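Engineer: just to be clear, the model below is a prediction. Sequence and coordinates:
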Amino acid sequence: MSSDPLEIPDVLKPIENLLKGVTIMKPGRVVALLEPSDVVKAYAALKARYGEVGLYFSTLVATDLKDEGKIRIDYYVNVLEKNQYVVLRTHVPRDDPRIESLLKEAPAALPGECEAYDLLGVVFEGNPHLRRAFFVPEEVAEKGVFPLRKDAGV
Amino acid sequence: MTEEVSKVDKVVEIPMTVEIPVGPQHPAVHEPILIKVYAEGEYVVKAEAYTGYNHRGIEKLAEKKSFYQDIFLCGRVCGICNAVHADCYVRALEHILDKEPPPRAKYLRTLAMELERLHSHMLVLAVTAEIVGFDTLFMHMMRDRELIMKAKEIVTGNRVLADYIMVGGVRRDLNSEKIDKLKKILTKVEPRIRYYWRVFEEDVTLNKRLVDVGRLTPVQVTSHGLLGPVARASGVATDSRYHDAYDAYAEVPFRIVTRKEGDCWARSLVRFEEMQVSLEICRYILNHLPEGEAVPDERRLPRRFPEGEAFTTVEAPRGELTYYVMSKGGVNPYRVKIRTPSYNNIINTVPFYVGHTIADVPTILASYDPCISCMERVTVIDLRRGTRKKVSMRDLARG
């Protein structure tokens, strides 16, 4: 899935102490493996180092890894100063997917978090805007179905 | 926000039902988004966005279809910028396959995407003119936009949905006759674009409606993840063509257009200058098209994909478009995640309507380029009198 562990690239130096591992995703994206509790700290550290206009939060990708019993959450951050995409990757348990919201550090995470909650059921603690039927039809939301889960039967 | 509203004794709620054709699941093809704007007198004091009225479930559908069928599915995410969607998805597949398209195909892909940028920018600038009440300009620009649509047809075979890009190359090649036709079209359209550019720079009415309206600071842009011309008009030099140098952008000379003003006017002028850059890119490609094959033999493409994942970006007309594709092996992708630029640009800008007048709301929304084609139904509810009145977007913009 990913290449062998690498030396810590320059762009990740500000979060060196939080890293659980580093891989590369094609084409040349640096993937930082983190504990769920460290994601907000890591983003704050990157922002402190590169400045508010030196990076932006691009997108959030949540993936249901049913066989592993986890939901993987990837935060894509474009570090403009280094011209480098950084992926903050973490895993949360599938039966109780909870993680601290990134909203206070990056308001840009709003639609990504709302969507991941609506489609996969990941709870972003501290995000007051989470609600079902943000995107999916109300009849699907009322049944408690999270459509992007592999066993949703959609 | 609720506390702020409660302090106001007379509040008029103006829910606007807007159909925005962009994006995979949310502000996408003919999908409505509701932006509720609370106004005190003429001024907006609160704004909220409601989405999901027509969720198409494209990401889920993509998991059920094969890698190759998804090329056509992704091309249908957006009617206007379909080639960039297909390009972004196909490049993710090529990364998973470790496959490099030939140079001629890369140039042709770039040509198709730049033609798309031209007609998309012309569309939104024409719509901006219409929103502020300059219908004649709208009609003239839309007439000249047809020239670009014709050029796109010559390159891809279709004037709207291209279905042009395939794994390992493109579906059609260009011959010298078509290249001559394209050059003639570019020569014809360039003075028209320059003329409209001057109208936007100098026309008093347009300046009154666009200058100092919807101003965004660079910090607002990066903290809220705003993209494309919206970011560049506030001085944030972000452009995937530069960041990722995909397809032929590593070889084709171009520049990132930025301005400092950050208002609706600056966003319009950034788009005009980008059209100029696009014309230069198209000319360069037509004059320097590499020799060789561009159309691969479809029968030799692998049906099954290896395990792998890729995250690709393209600079769509509205900003950075991203695709994440994950394969666990086999014929279907395990996960496809699409993030369109309008997703960020429309939902994340909702707080920035506050402080502007009601008449500015459509102008600001148009300057974010949400592909407006159907935003003609707006209901004004006067809470004090308890009356409801339907107002067209154009009438609302005229105040």
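Structural biologist: Thanks, I have the structure now.
Engineer: look up how far A:Glu16 lies from the residue nearest the centre of chain B.
Structural biologist: The residue lying closest to the centre of chain B (CA atoms, centre = their mean) is B:Arg318, at 3.0 Å. Relative to A:Glu16, B:Arg318 is positioned 36 Å away (CB to CB, to the nearest Å). Bear in mind the C-beta positions are built from the backbone N, C-alpha and C, glycine included.
Engineer: same thing with B:Glu94?
Structural biologist: From B:Glu94 to A:Glu16 the distance is 33 Å (CB to CB).
Engineer: which of those two has more residues huddled nearby?
Structural biologist: B:Glu94 (19 against 11; other CB atoms under 10 Å in any protein chain shown).
Engineer: quick check: closest non-adjacent residue to the residue of chain B found nearest chain A.
Structural biologist: At 2.8 Å from chain A, B:Gly225 is the closest residue in chain B, using CB to the nearest CB. Spatial nearest neighbour of B:Gly225, chain neighbours left out: A:Ala108 (2.8 Å); criterion: CB to CB, 6 or more residues apart in numbering or on different chains.
Engineer: isn't the one you found right up against B:Asn348?
Structural biologist: Yes - counting by CB atoms under 8 Å, B:Asn348 is a contact partner of A:Ala108 at 5.8 Å.
Engineer: what do these two both touch?
Structural biologist: B:224-226 (CB atoms under 8 Å, 6 or more residues apart in numbering or on different chains).
Engineer: turn these into TSV, columns for secondary structure and neighbour count.
Structural biologist: Shown next, in TSV, are the shared contacts of A:Ala108 and B:Asn348 (DSSP: H, G, I helix; E, B strand; the rest coil; neighbours: other CB atoms under 10 Å in any protein chain shown):
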residue	secondary structure	neighbour count
B:His224	coil	26
B:Gly225	coil	29
B:Leu226	coil	29
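Engineer: where does pLDDT dip in chain B?
Structural biologist: Counting by pLDDT under 70, chain B contains low-confidence ranges at B:1-34, B:51-55, B:371-399.
Engineer: strands of that one, start to end?
Structural biologist: For chain B, the strands defined by DSSP state E occupy B:12-20, B:31-40, B:43-50, B:165-166, B:169-170, B:305-316, B:319-330, B:335-339, B:377-382, B:387-391.
Engineer: where does pLDDT dip in chain A?
Structural biologist: Residues of chain A meeting the criterion pLDDT under 70: A:1-6.
Engineer: how about the nearest residue to B:Arg209, chain neighbours excluded?
Structural biologist: B:Arg209's closest residue in space is B:Val132 (CB to CB, 6+ apart), at 4.2 Å.
Engineer: correct me, but that neighbour touches B:Asp203?
Structural biologist: No - taking contacts as CB under 8 Å, B:Val132 lies outside contact range of B:Asp203: 9.7 Å.
Engineer: between the two, which one's more packed in?
Structural biologist: B:Val132 (25 against 16).
Engineer: identify the residues contacting that one.
Structural biologist: B:Val132 makes contacts with B:205-206, B:209-210, B:363, B:397, as judged by CB under 8 Å, 6+ apart.
Engineer: neighbours of the residue nearest to B:Ile185 when sequence neighbours are not counted, how many?
Structural biologist: Spatial nearest neighbour of B:Ile185, chain neighbours left out: B:Ala151 (4.7 Å); criterion: CB to CB, 6+ apart. Residues lying near B:Ala151 (other CB under 10 Å) number 26.
Engineer: B:Lys260 too?
Structural biologist: B:Lys260 has 9 neighbours, counted by other CB under 10 Å.
Engineer: ok, and the most crowded of the contacts of B:Val132?
Structural biologist: If you rank the contacts of B:Val132 by neighbour count (other CB under 10 Å), B:Leu210 sits at the top with 26 neighbours.
Engineer: how close does that one sit to B:Trp265?
Structural biologist: 4 Å.
Engineer: tell me the secondary structure at A:Thr23.
Structural biologist: Look at A:Thr23: counting by DSSP: H, G, I helix; E, B strand; the rest coil, its state is strand.
Engineer: how about chain A: which residue is closest to chain B?
Structural biologist: Here chain A gets closest to chain B at one residue, A:Ala108, 2.8 Å apart by CB to the nearest CB.
Engineer: list the contacts of that residue.
Structural biologist: So A:Ala108 contacts A:56-58, B:223-226, B:344, B:348 (CB under 8 Å, 6+ apart).
Engineer: ok, back up a step: between B:Leu210 and B:Trp265, which contacts overlap?
Structural biologist: B:Phe200.
Engineer: buried residues of the strand or helix carrying A:Val61, list them for me.
Structural biologist: Assigned by DSSP states H and E, A:Val61 belongs to strand A:55-65. For strand A:55-65, burial by neighbour count (16 or more other CB atoms under 10 Å in any protein chain shown) applies to A:55-65.
Engineer: and if you look at stretch B:352-365?
Structural biologist: Result for stretch B:352-365 [16+ other CB under 10 Å]: buried residues B:352-353, B:356, B:358-365.
Engineer: farthest-apart pair in those, please.
Structural biologist: Across those, no pair lies farther apart than B:Phe352 and B:Ala359, at 15.9 Å, counting by CB to CB.
Engineer: please see if stretch B:323-338 touches chain A.
Structural biologist: Yes - judged by CB under 8 Å from any CB of the partner chain, stretch B:323-338 comes into contact with chain A through B:324, B:326, B:334-335, B:337.
Engineer: now do that stretch: everything it contacts.
Structural biologist: A:59, A:61, A:63, A:74, B:23-25, B:58-59, B:62-67, B:70, B:74, B:77, B:85, B:88-89, B:92-93, B:96, B:303-313, B:321-322, B:339.
Engineer: likewise stretch B:347-355?
Structural biologist: Residues contacting stretch B:347-355 (CB under 8 Å, 6+ apart): A:107-108, A:110-111, B:26-27, B:35, B:37, B:43-49, B:51, B:214, B:216, B:220, B:224-226, B:230, B:361, B:364, B:368.
Engineer: ok, A:Leu55 touching A:Leu80?
Structural biologist: Yes - here A:Leu55 reaches A:Leu80: they are 6.0 Å apart, a contact under CB under 8 Å.
Engineer: fine, thanks again, bye for now.
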